[in-house]
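**Student:** Sharing a model prediction with you, sequence too.
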Amino acid sequence: MDLTVFSGNPRVFDSPDVPADPDVLAALDQQVKGADLAAPPVVLPDFHHKSKMELPSSVAVATVGTVRPTLTSASVNCGMALIALDGDRPTQTAVETFYRRIKDRYPYPPTKRLELSLNEVRRAAVEGAEFAAERWGVRAEELERIEEGGRLDLERYGGATRLLKEMPSIAFQLARMRFGTVGPSNHFIELQVVEEVYDEAAAALLGLRQGQLTLQYHGGGGVLTGEVGALFGPRKYNPRNLRMAAAVQKPLFHLATARSLAEMKRRYALYFSHGCPPLDLDSDEGRRLMLANAAAMNYGFAFRVATYAYLKAVAKDVFGGAEGRLVVDSPHNSMYEEPLPTEFGEGRTAVVHRHNSCRAYPAELMPEGSVFATTGQALLLPGTNRTSSYVALPGSDVADSLHSACHGAGTVISDFERKGLSGPHPHGHKTLRYRYSDAAPAEVAHLDDNGVEAAISILTDNKLARPIVRMRPFAVLN
């Protein structure tokens with residue numbers, strides 16, 4: 001591996017109306033200082049810093065010789081997906097029935113009901129979306145719409161045999177619960193209508209058309225992803241349930257599997273201190289971390305396929321029409337080994353860490369024969385339940401952002417409203433907002449699209465992405 005290391009300022013994609021916060025840039029600089037950067041860190045629109053996260057949101061950081069868990073979320077494979085549905089906009093009665101059935105199936109707070117057998121959890125960690133497609137009757141060809149086909153190869157990092165031997169059984173036991181749950185907060189299940197199509201040919205290839213009913217949802221990666229995130233050192237996001245699980249799992253995973261006293265001491269120093277240290281990618285510990293990461297990603301892919309299967313089945317049953325089709329499923333917290341853009345060296349690879357940003361591969365990097373090999377990887381660029389959302393495709397200069405795009409524009413929209421740059425939508429659109437309680441839905445008035453369009457404009461002006469369709473929400477559960 002070429003270990004040429006980059007040093008310099010981040011590559012910032014912003015605008016006069018959406019400037020990157022200098023204090024958040026300073027926080028990013030502190031996190032990557034001294035790192036083996038393979039390229040400048042990338043700062044995308046919607047750049048902000050959540051207090052429970054080590055790294056600011058809407059960034060991509062590539063390292064050449066190490067893997068650094070704190071450069072993404074403590075729970076990988078949080079992601080979003082879009083389903084293209086059939087039929088007209090449903091009545092409010094149908095919408096209420098739809099959301100009631102979801103709440104009955106996936107209540108919040110979640111129950112302790114066991115969703116999977118122990119063997120099924122292990123299959124999810126090894127086989128990813130392929131397991132879930134078989135288990136819930138999803139067509140195999142739909143998996144091409146999931147990043148990496150919904151399955152990362154474990155063999156390059158030690159294989160399934162090592163994973164199943166070293167990962168504590170209790171981790172798999174706990175991961176039997178809450179499988180497929182979406183939940184509230186910034187996670188959502190949103191019904192939308194396609195209001196505008198900018199490229200009819202590309203939209204048709206993706207399965208989208210004017211006036212179409214769509215279903216967009218944002219869900220996590222499930223229990224196993226959080227457990228794995230807690231295994232390699234304490235994180236700022238460290239809720240009580242994860243602390244309790246880690247108190248048992250970390251000694252079993254790191255110390256009980258050590259092959260010598262020296263290895264036990266080394267692991268104790270690495271994982272039981274106050275930090276979450278970077279690991280040499282080519283070391284045994286680095287490969288072990290990447291093995292656990294790949295298994296967590298696979299489980300997360302299977303998790304959202306289970307959600308997809310249920311949502312499209314209920315939509316067909318309640319709304320009628322043909323069965324829904326997956327447009328795209330895209331994680332926005334991930335660590336992948338990827339080829340670098342040629343400007344950083346011919347044939348070089350790096351570990352690309354994305355934190356609340358999504359991968360945006362052009363057509364030439366997508367699997368041959370897939371729809372995305374023609375269009376490029378579809379990108380979801382949501383606004384909020386008060387604004388439009390977009391489906392986009394990678395632009396001609398997307399390599400400039402390490403093949404990355406922001407995963408939304410919520411902070412930009414909030415800032416525009418706070419600054420008086422955005423106000424009520426002139427056409428008086430509204431969203432019915434449903435909660436996990438039995439309370440009646442609230443009518444939420446829409447804002448204009450100034451905020452989300454400002455974020456999209458940064459991507460288009462820099463040729464990182466180009467919008468294909470615009471969708472407007474009319475109902476949401478969160």
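**Tutor:** Sure, I can see it. Here the structure is a predicted model, which means the values were calculated and not measured. Numbers count the residues shown, from 1 in each chain.
**Student:** so P40 makes contact with P10?
**Tutor:** Yes. P40 is within contact range of P10, at 5.4 Å (criterion: C-beta atoms under 8 Å). Glycine gets a C-beta too; all of them are placed from N, C-alpha and C.
**Student:** Do a quick rundown of the strands in the stretch 151-300 of the chain.
**Tutor:** 188-197, 213-219, 279-280 (DSSP state E, counting those that start in this stretch).
**Student:** want to throw these into TSV with distance to G369 and mean pLDDT?
**Tutor:** Converted to TSV, these look like this (distance: least, C-beta to C-beta, whole Å; pLDDT from 0 to 100):
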stretch	distance to G369	mean pLDDT
strand 188-197	25	98
strand 213-219	25	97
strand 279-280	36	97
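**Student:** which of those sits most buried?
**Tutor:** Stretch with highest mean neighbour count among the strands of the stretch 151-300 of the chain: strand 213-219 (a mean of 23; mean count of other C-beta atoms under 10 Å).
**Student:** partners of it, with directions?
**Tutor:** As defined by DSSP bridges, the strand partners of strand 213-219 come to strand 79-84 (antiparallel), strand 188-197 (antiparallel).
**Student:** Nearest to A94, out of the ones you listed?
**Tutor:** strand 188-197 (10.0 Å; C-beta to C-beta).
**Student:** Look at the closest residue to E364 other than its chain neighbours and report its pLDDT.
**Tutor:** Closest residue to E364 apart from its sequence neighbours, by C-beta to C-beta, 6 or more residues apart in numbering: A373 at 8.0 Å. We have a pLDDT of 98 for A373.
**Student:** OK, contacts around A373?
**Tutor:** Residues in contact with A373 (C-beta atoms under 8 Å, 6 or more residues apart in numbering) are A363, E364, M366, P367.
**Student:** Same question for T97.
**Tutor:** T97 sits next to V318 when contact means C-beta under 8 Å, 6+ apart.
**Student:** ok, now F474?
**Tutor:** Residues near F474 by C-beta under 8 Å, 6+ apart: R89, L191, Q192, V193, H429, K430, T431, L432.
**Student:** what about it, which helix or strand?
**Tutor:** strand 465-477 (DSSP states H and E).
**Student:** next one: that strand to chain centre, how far?
**Tutor:** Mean-position distance between strand 465-477 and its chain equals 17 Å (C-alpha atoms, centre = their mean, to the nearest Å).
**Student:** quick one: average pLDDT of the host helix or strand of I456?
**Tutor:** According to DSSP H and E, I456 maps onto helix 450-461. Taken as a whole, helix 450-461 has a mean pLDDT of 98.
**Student:** Stretch 30-44 too?
**Tutor:** Here the average pLDDT along stretch 30-44 is 96.
**Student:** for this structure, where's the lowest mean pLDDT among helices and strands?
**Tutor:** Taking mean pLDDT, DSSP states H and E as the measure, helix 240-250 is the helix or strand of the chain with the lowest mean score, a mean of 87.
**Student:** For that one, what is the distance to the chain centroid?
**Tutor:** 24 Å.
**Student:** what does that helix rub up against?
**Tutor:** So helix 240-250 is contacted by P168, I170, A171, L174, G226, E227, G229, A230, L231, Y271, F272 (C-beta under 8 Å, 6+ apart).
**Student:** follow-up on the earlier one: wait, which of the strands paired with strand 213-219 is closest to R105?
**Tutor:** When the strands paired with strand 213-219 are compared by C-beta to C-beta, strand 188-197 sits nearest R105, at 11.4 Å.
**Student:** now that closest one: how far from the chain's centre is it?
**Tutor:** 19 Å.
**Student:** repeat for stretch 13-29
**Tutor:** 22 Å.
**Student:** With stretch 207-214 instead?
**Tutor:** With C-alpha atoms, centre = their mean as the basis, stretch 207-214 stands 23 Å off its chain's centre.
**Student:** before we move on, what about stretch 19-37?
**Tutor:** 22 Å.
**Student:** So which bits of that stretch are buried?
**Tutor:** A20, D21, V24, L25, L28, Q31, V32, A35, D36, L37 (16 or more other C-beta atoms under 10 Å).
**Student:** pLDDT score for D397?
**Tutor:** D397 is given a pLDDT of 98.
**Student:** Look up the closest residue to it, ignoring the ones flanking it.
**Tutor:** Closest to D397 by C-beta to C-beta, 6+ apart is K463, at 3.8 Å.
**Student:** Many thanks, have a good one.
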